[in-house]
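In: Sequence first, then the predicted structure:
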Amino acid sequence: MGRYIIRRLLQFIPTLAGALFLLHYLSSLAVQLNGNPARAMFGDRRPSEAMLAAVQKLYNLDDPCLEQVGNPCFGQFVNRVTSLAQGDLGTNFRGRPVTEIIADSLPLSARLAIIALVVQILIGITAGVFAGLRNKGVIDYAVKISTVVIIAFPVFVLGKVIQTTVNVPMTNALRDAAWAPDWLGTVFSISYQANSPWLSLLVPGMVLGALGLATTARLTRTSLIENLHADYVRTATAKGMPRRRVIGVHALRNSLIPVVTDLGLSVGVLLSGAVVTEAIFNIPGVGFQLINAIRVGESPVIVSLVTFFVLIYLVVNLLVDLLYAVLDPRIRYE
């Protein structure tokens with residue numbers, strides 16, 4: 001197990017290096033095609049050449065390679081990797097360190113992801129189990145139809161629909177209702193409320209976890225139906241083992257192996273969906289900061305935040321691989 005973990009950790013290095021170079025090249029190409037963003041920092045004002053040169057030097061935008069379209073700027077890439085290795089993620093165009101941006105926004109994104117995962121696991125697995133146990137029944141068809149409808153809606157569409165058809169009417173209705181407690185209005189608030197960091201994230205978290213919920217439910221259903229017809233289940237039933245134990249201990253445990261794989265892969269969906277969800281509900285999380293950085297062309301922030309996403313994705317997938325051995329003792333990592 002130890003050797004396997006070390007080998008996987010070593011594989012992080014080329015993956016991160018490749019992602020870093022791709023991000024660096026795309027950000028350099030954006031400057032080469034769209035022009036130096038240092039000029040945009042002054043808005044309508046016309047800076048002097050000395051002032052413009054000072055700003056370009058401050059943010060490493062004075063390299064001649066940024067004037068040559070297609071040049072990968074290897075020198076800047078080496079400098080960027082060296083800074084990242086030393087823990088220096090750079091600053092945005094307002095001089096704020098990226099580490100500070102991540103430290104302030106990460107707790108919000110973590111809360112949003114936790115809510116989404118809880119929704120995906122509890123509702124998705126429960127719906128999949130009921131559908132699998134009642135194959136071709138009313139519950140099975142209801143789960144299949146509802147999950148197809150949810151999957152058909154992209155996150156940005158579902159988020160806007162929920163915000164417009166649920167949050168706005170409920171907010172207007174609860175504002176004038178004397179019987180409604182304050183926390184209920186916070187749950188259906190149109191945007192994030194800093195004084196209620198969990199309640200105001202419930203609806204955005206459910207929106208973010210909806211797509212994963214549908215996938216988890218269908219995968220749990222299919223896997224459970226397959227395992228219920230396996231030989232070991234028939235043998236356990238023939239020996240007189242209670243049906244609840246056959247399903248809960250044997251069939252469901254083996255059925256969760258592909259579900260765990262899906263949950264690991266869904267981290268990537270949560271990361272990408274969080275960018276959209278945070279923008280819709282005005283949540284100042286990591287995804288919201290990434291959107292702002294893209295809007296103003298802050299390449300150091302973009303590269304650092306996306307690299308941070310890649311690192312999280314790699315770590316979560318390593319943990320998912322290790323969890324296989326817990327669910328299935330036959331799996332061993334040498």
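Out: Sure, I can see it. Residues are numbered from 1 along each chain as shown.
In: In this protein, what helix or strand scores lowest on average pLDDT?
Out: Least confident element among the helices and strands of the chain, by mean pLDDT, DSSP states H and E: helix 49-58 (a mean of 77).
In: Show me which positions of that one end up buried.
Out: Of all the residues in helix 49-58, those buried under the rule 16 or more other Cβ atoms under 10 Å are 52, 55-56. All C-beta spots, glycine's among them, are computed from the backbone N, C-alpha and C.
In: and those residues as a markdown table, adding distance to L158?
Out: Converted to a markdown table, the buried residues of helix 49-58 look like this (distance: Cβ to Cβ, whole Å):
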| residue | distance to L158 |
| --- | --- |
| L52 | 44 |
| V55 | 41 |
| Q56 | 42 |
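In: Looking at those residues, which one is closest to L20?
Out: Proximity of these to L20 was ranked by Cβ to Cβ; the top entry is Q56 with 22.5 Å.
In: Just the C-alphas of the least confident helix or strand of the chain, formatted as CSV.
Out: The C-alpha trace of helix 49-58 is given here as CSV (Å, rounded to 0.1, in the frame of the first residue of the first chain):
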residue,chain,number,x,y,z
GLU,A,49,5.5,55.3,-20.9
ALA,A,50,7.4,55.2,-17.7
MET,A,51,4.4,54.4,-15.6
LEU,A,52,3.2,51.7,-18.1
ALA,A,53,6.7,50.2,-18.2
ALA,A,54,6.8,50.1,-14.3
VAL,A,55,3.4,48.3,-14.2
GLN,A,56,4.5,45.8,-16.9
LYS,A,57,7.7,45.0,-15.0
LEU,A,58,5.8,44.7,-11.7
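In: what separates it from the chain centre, distance-wise?
Out: The chain centroid and the centroid of helix 49-58 are separated by 37 Å under Cα atoms, centre = their mean, to the nearest Å.
In: immediately after that helix, which helix or strand?
Out: Past helix 49-58, further along toward the C-terminus, the next helix or strand under DSSP states H and E is helix 74-85.
In: Identify the residue nearest the most centrally placed residue in the chain in space, chain neighbours excluded?
Out: Per Cα atoms, centre = their mean, the C-alpha nearest to the average position across the chain is that of L271, at 1.6 Å. Nearest residue to L271, sequence neighbours excluded (Cβ to Cβ, 6 or more residues apart in numbering): F309, at 5.0 Å.
In: which residues in the stretch 51-200 of the chain form helices?
Out: Ranges of helices within the stretch 51-200 of the chain are 74-85, 98-133, 138-152, 155-162, 168-175, 182-187, based on DSSP state H, counting those that start in this stretch.
In: Just list whatever residues bridge to P97.
Out: Here P97 sits in beta bridges with T91, as judged by DSSP bridges.
In: Now do the same contact list for it.
Out: Neighbour list for P97: 89-91 [criterion: Cβ atoms under 8 Å, 6 or more residues apart in numbering].
In: between the residues you listed, which is closest to M41?
Out: Sorting the contacts of P97 by distance to M41 puts T91 at the head of the list, at 12.8 Å, by Cβ to Cβ.
In: Run a quick neighbour tally on the closest one.
Out: 19 (other Cβ atoms under 10 Å).
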